[in-house]
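Student: task: produce atomic coordinates for the following.
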Amino acid sequence: MAYPKLTDQPGALETAARIRNGEISPHEAVEDAIARIEHLDVHVNAVAVCDFERAIETAKAMDKELPGAHQPLFGVPMTIKESFDIAGLATTWGHKAHKSYVARRDAKIVRQLKAAGVVFLGKSNVPIDLSDWQSFNEVYGRTNNPHNHYRSPGGSSGGSAAAVASGMVPIEYGTDIGGSVRVPAHFCGVWGHKTSWGLISKHGHDHPAFAGKDAHDGALSIAGPLARNADDIEILLRLTSEFPLFERKKPLKECRILAILDHPDSPLDDSVRGPSEAALAALEAAGVQIDLTSDLIPNLAAQQADYLRMLNVAMARGAPAPDGKRATATDWFNLLDLQARNEIAWAHLFETYDFVLAPPAPVLAVPHRDEAVFRGDIDINGTASPASGGLAWAGLATFPNLPSTVLPIGSGNYLGTELPCGLQVMGRRWSDLDCVAAAREIDAIVNG
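Tutor: Okay, the predicted model is just below:
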């Protein structure tokens, strides 16, 4: 079944082309986006921090300029995840105690995108400490899934995905350590990309407790773009990558692909399995070679256990666990060794396969709840399953530092509601642009 689209608004590159052709001015593009936010966000609450006055002032000044060759997104309005710093705006990570913290400088990604011509309208909502598959906090309230306001848009980049899906803005930038770009893309029916770890700078993406002090880039966590099409994902990657990426440009029909639809730590709900199997069948009918099993797949149960240990230590920055135990330096170095071995195992798999396809999560958009999703269970085929197990599908790419592009592939009925469903396209490390290219071809086959 085709995935539900909520808007016919143009994407980022299309908007930039209209501006270059004189069909619309940067000021008009920004005013139109602000009007959509003011109309739609009453019910969605995706944009947590508004910066409309400065955006209008910036856009008016751009009306008098001509876009340069280095400005492919000249005049394009966008928002960015609240956890990224924009000078003059609050960065709270959802904490009321940090409402008074105002960033003094832009995050590097913000500077890169401004240099490319982007006009920032503000920042999008997050869960507290970016640690849930919902996006609500005591500062900005709750973000609703634009497809169904009783469902979560995902997290932690839930405001980002909701803003893009509803048509408020054409593009966004989020972060991902436990599926925080991929799951919102999956829940909201948009595109998202988890970058290879280390590809995109996260300078200026620091917890406000550091009060503007520079911090190291944490293990596992990456910055990644969201959009409504592959071309916009690609341009965002090209504009923000720390170094040029190699592209193999191998046609999908010449690729060997592995699909993983079963994980020892997380069953798959039928609302996800159905669209996933339908997408695989469409690809095979188009002549794409897909294997459903392989002895090259690493030990997924061991990978998940190691991933969760590293995730918990990284998120807590070494603070004691709920049981009072604190990870030692030796524990951390042992985890780094296990991660390196896992990355090598996946690299060995990618000597045979070009891409791995898998669901981004075991369920579709979950109903709102007043506690963090990961503190309870999720319903999988009528059975309560620990929500933490759902991280297994995100961890497939996160623990070995791999890139993964999520594209919408259809819809399924989850708990009585028809909702979008996504698919992640994983590749060897640094093959980010190839993952996007493969996802573009898959989109043409499955949704064309």
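
Student: now Glu218: closest residue in space, sequence neighbours ignored.
Tutor: In this structure residue 218 is Gly, not Glu. Closest residue to Gly218 apart from its sequence neighbours, by C-beta to C-beta, 6 or more residues apart in numbering: Ala314 at 5.4 Å. The way it works is simple: take the backbone N, C-alpha and C, and place the C-beta from them, glycine included.

Student: what helix or strand is the one you found located in?
Tutor: Following DSSP states H and E, the helix or strand that holds Ala314 is helix 300-316.

Student: quick one: name whatever helix or strand follows that helix.
Tutor: Counting by DSSP H and E, the next helix or strand C-terminal to helix 300-316 is helix 329-349.

Student: pLDDT (mean, whole number) over the helix or strand following that following helix?
Tutor: As assigned by DSSP H and E, the chain's next helix or strand after helix 329-349 is strand 355-358. Strand 355-358 carries an average pLDDT of 98.

Student: tell me the strands beside strand 355-358, with direction?
Tutor: Strand pairing for strand 355-358, using DSSP bridges, gives strand 256-259 (parallel), strand 417-426 (antiparallel).

Student: highest mean neighbour count out of the ones you listed?
Tutor: strand 417-426 (a mean of 25; mean count of other C-beta atoms under 10 Å).

Student: and the next helix or strand past it?
Tutor: Using DSSP H and E, the helix or strand that follows strand 417-426 towards the C-terminus is helix 432-446.

Student: now the strands paired with strand 355-358 as a markdown table including distance to Phe333?
Tutor: Below are the strands paired with strand 355-358 laid out as a markdown table (distance: least, C-beta to C-beta, whole Å):
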| stretch | distance to Phe333 |
| --- | --- |
| strand 256-259 | 31 |
| strand 417-426 | 27 |
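
Student: what's the closest of those to Ala17?
Tutor: strand 417-426 (26.4 Å; C-beta to C-beta).

Student: got a list of what Leu73 touches?
Tutor: Applying C-beta atoms under 8 Å, 6 or more residues apart in numbering to Leu73 gives the contacts 12-13, 16, 113, 116-118, 235, 239.

Student: what's the farthest-apart pair in these?
Tutor: Pairwise distances among those were taken by C-beta to C-beta; the largest, 13.5 Å, belongs to Leu13 and Leu113.

Student: quick one, which of those two is more surrounded?
Tutor: Of the pair Leu13 and Leu113, Leu113 is the one with more neighbours under other C-beta atoms under 10 Å, namely 24 against 19.

Student: sec struct for that one, please.
Tutor: Here Leu113 is helix, with the state taken from DSSP: H, G, I helix; E, B strand; the rest coil.

Student: hang on, the earlier thing: out of the strands paired with strand 355-358, nearest to Ala282?
Tutor: Minimum separation from Ala282 across those (C-beta to C-beta) falls at strand 417-426, 11.2 Å.

Student: and the pLDDT at Phe243?
Tutor: In this model, Phe243 is scored at 94, pLDDT.
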